[in-house]
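A.B. asks: how would this look folded up:
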Amino acid sequence: MLEESVADRPNRRRVPRATFDESRRRIAAASRHMPGGVSSNFRHGISPTPLVFDRAEGPWLFDVDGNRLIDYYLGMGPMILGHTPEVVRAAVAAQLERGILFGGQSAVEAEAAELFCSMVPCAEKLRFAGSGSEAVQAALRLARAATGRSVVVKFEGHYHGWMDSVLVSVSATPQTAGDPGHPNRIPGSTGQDASAWAAVDVLGWNDLARVEARLAGGDVAAVIMEPAMCNAGAILPAPGYLEGVRAACTRHGTVLIFDEVITGFRVAPGGAQQLFGVTPDLATFGKCVANGFPVAAVAGRADLLEQFATGGALHGGTYNAHPISMAATLATLRALADGQVLQAIEPHGRRLMQGIAASLAAAGIPATVSGFPQIFHVAFGPTEPARDYRGLMHMDRARYVRFCCALLERRVRVLERGAWFLCAVHDGAVVDETLAAVAEAAGEV
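C.D. replies: Down below sits the predicted model:
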């Protein structure tokens, strides 16, 4: 049965495969002015080509080749309400009538901050920023200012933005990673300033004993982690791990930072810290904050955030708390605050996870499907959920990319790194269409 071609299968409606020639042409033309034809390396080198889009609506993207694609990128995470939701569009349109940028504060900024703080357990106060990468830098500065220490502990595979100071050991390989007990520190890019990450120590995640041992030195300003690993894979914290790290940080005077750029407002209204019941000292947010508008935030203990106002710690940004983005933030958070949107996503996400796992098993593809209904990860190769990043190092990435291409030809767009994001308008019919494409794509690869 597995050798049967898709075209020969009985009772199948034959739909022409999607093609992407016009996207290829436009990317090639744009490359004359933009390296690779794109403005982010994370959009470069996508198979079979980076795509160029004309518009988006609900759970769909419409590209310049005329394809309607079911979208599980969701802008790489932010579009929790789907594309072009009326509630966000209306709020933004109303704010546009009042002004674009003031070089000062807006009323909507204060409203958004109040609602944000009411939703997030750690958020006694916050500062808005323009991107998750910026918010992380602000959090690290606060931790160092408050503790007078310099060392930051991060974990293999955890991504905290593209800045030199934290782009370390994000995508190590079995050949470069080193001893699991003492991982090598590996820069993520050429051109990085090694002195920027000289005070960054790297540990394996989900190993409480190693965290406790490292903090005992008394020189660590901050421990930063994704509270559930959702960038390189979808790995849950081991039972008691977050609680143990929280206790160790408190005991040694170290600031605990949760990077909730992905999990914030997606896995629960108050993020992973609400879901797991562990409150960090600081947390960073982005992605879902404003449903596609460029908004991020660092939030946490009031005494730490006050370092920006009275402690000499600098935080700036011309576009921080941009009024248009604040209107989108307020509208988005109001839609998410009672949890009903996330609860509505859950059954569709679980059915999709189960259906993908079943199709891959039927096609004889070893794989795991793990994570949350709102954000999960598909890994070809492993047959058990990973405990840390090293459990993902032997993924069959090349085969998964072929799977992504086969899905794209069937008009389903998913991230090549394995993440699947769901939104409020991925309904039962969309999941049905997706699972039909998954079954065919799995048989093909």
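A.B. asks: now the helices for the stretch 1-150 of the chain?
C.D. replies: 21-30, 86-98, 107-119, 132-147 (DSSP state H, counting those that start in this stretch).
A.B. asks: between the ones you listed, which one is nearest to residue 260?
C.D. replies: helix 132-147 (9.2 Å; Cβ to Cβ). The way it works is simple: take the backbone N, C-alpha and C, and place the C-beta from them, glycine included.
A.B. asks: quick one: strands adjacent to the helix or strand immediately after the closest one in the chain?
C.D. replies: Helices and strands here follow DSSP states H and E; after helix 132-147, the next one along the chain is strand 151-155. Applying DSSP bridges, strand 151-155 is found paired with strand 200-203 (parallel), strand 220-225 (parallel).
A.B. asks: report the buried residues of the longest helix anywhere in the chain.
C.D. replies: In the chain, assigned by DSSP state H, the helix with the most residues is helix 340-362. Using 16 or more other Cβ atoms under 10 Å as the test for burial, helix 340-362 gives 341-342, 345, 348-349, 351-353, 355-357, 359-360.
A.B. asks: same question for stretch 367-386.
C.D. replies: Of the residues in stretch 367-386, those buried (16+ other Cβ under 10 Å) are 367-382, 385-386.
A.B. asks: contacts only, for residue 48.
C.D. replies: 20, 24, 405, 408 (Cβ atoms under 8 Å, 6 or more residues apart in numbering).
A.B. asks: next one: residue 72
C.D. replies: 412-415, 420-422, 426, 434.
A.B. asks: could you find the closest non-adjacent residue to the residue nearest the centre of the chain?
C.D. replies: When the chain is reduced to its mean C-alpha position, the nearest residue by Cα atoms, centre = their mean turns out to be residue 262, at 3.5 Å. Nearest residue to residue 262, sequence neighbours excluded (Cβ to Cβ, 6 or more residues apart in numbering): residue 230, at 4.4 Å.
A.B. asks: and for residue 206?
C.D. replies: Nearest to residue 206 is residue 238, by Cβ to Cβ, 6+ apart, at 4.6 Å.
A.B. asks: against residue 331, how distant is that neighbour?
C.D. replies: From residue 238 across to residue 331, the span is 37 Å (Cβ to Cβ, to the nearest Å).
A.B. asks: higher neighbour count, the two?
C.D. replies: A count of neighbours by other Cβ atoms under 10 Å puts residue 331 above the other of residue 238 and residue 331, at 26 against 14.
A.B. asks: and which of the contacts of residue 48 is nearest residue 277?
C.D. replies: When the contacts of residue 48 are compared against residue 277 (criterion: Cβ to Cβ), the nearest one is residue 408, at 39.1 Å.
A.B. asks: neighbours around that closest one, how many?
C.D. replies: Considering only other Cβ under 10 Å, residue 408 is surrounded by 24 other residues.
A.B. asks: so what's the closest residue to it other than its chain neighbours up against?
C.D. replies: Using Cβ to Cβ, 6+ apart and skipping residues adjacent in sequence, the residue nearest residue 408 is residue 18, 6.6 Å away. Residues near residue 18 by Cβ under 8 Å, 6+ apart: 65, 67, 69, 408-411.
A.B. asks: list just the nearest of the contacts of residue 48 to residue 57.
C.D. replies: residue 408 (18.5 Å).
A.B. asks: wait, doesn't the closest one sit right on residue 71?
C.D. replies: No: taking contacts as Cβ atoms under 8 Å, residue 408 lies outside contact range of residue 71: 11.1 Å.
A.B. asks: could I get the strands paired with strand 151-155 as CSV with mean neighbour count and distance to residue 430?
C.D. replies: Output for those, formatted as CSV (neighbours: other Cβ atoms under 10 Å; distance: least, Cβ to Cβ, whole Å):
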stretch, mean neighbour count, distance to residue 430
strand 200-203, 21, 40
strand 220-225, 26, 33
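A.B. asks: got those as a markdown table, with distance to residue 283 columns?
C.D. replies: As requested, the strands paired with strand 151-155 are exported to a markdown table (distance: least, Cβ to Cβ, whole Å):
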| stretch | distance to residue 283 |
| --- | --- |
| strand 200-203 | 19 |
| strand 220-225 | 10 |
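A.B. asks: mean pLDDT added to these, as TSV?
C.D. replies: Conversion of those to TSV gives the following (pLDDT from 0 to 100):
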stretch	mean pLDDT
strand 200-203	97
strand 220-225	98
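A.B. asks: tell me the pLDDT at the residue nearest to residue 408?
C.D. replies: pLDDT recorded at residue 18 is 97.
A.B. asks: ditto for the one 10 residues further on
C.D. replies: Model confidence at residue 28, given as pLDDT, is 96.
A.B. asks: how about it, nearest residue that isn't a chain neighbour?
C.D. replies: Using Cβ to Cβ, 6+ apart, the nearest residue to residue 28 is residue 37, at 6.8 Å.
A.B. asks: tally of neighbours for the one you found?
C.D. replies: Residue 37, neighbours per other Cβ under 10 Å, totals 20.
A.B. asks: so it sits right up against residue 49, yeah?
C.D. replies: No: counting by Cβ under 8 Å, residue 37 stays clear of residue 49, with 9.2 Å between them.
A.B. asks: what do these two both touch?
C.D. replies: Joint contacts of residue 37 and residue 49 (Cβ under 8 Å, 6+ apart) are residue 27.
A.B. asks: before we move on, back to that, do you know how far the residue nearest to residue 262 is from residue 110?
C.D. replies: Taking Cβ to Cβ, one finds residue 230 at 30 Å from residue 110.
A.B. asks: of those two, who's got more company?
C.D. replies: residue 230 (29 against 13).
A.B. asks: give me phi/psi at the more buried one?
C.D. replies: For residue 230, the backbone dihedrals (degrees, to the nearest 10) come out as phi -130, psi 0.
A.B. asks: contacts only, for it.
C.D. replies: 262-263, 371, 375, 377, 419 are the contacts of residue 230 under Cβ under 8 Å, 6+ apart.
A.B. asks: between those, which is nearest residue 178?
C.D. replies: Nearest member of those to residue 178, counting by Cβ to Cβ, is residue 377, at 24.3 Å.
A.B. asks: so that closest one sits against residue 367, correct?
C.D. replies: No: Residue 377 is not in contact with residue 367 according to Cβ under 8 Å; the separation is 10.3 Å.
A.B. asks: identify the contacts common to the two.
C.D. replies: The contact lists of residue 377 and residue 367 share no entry, where a contact means Cβ under 8 Å, 6+ apart.
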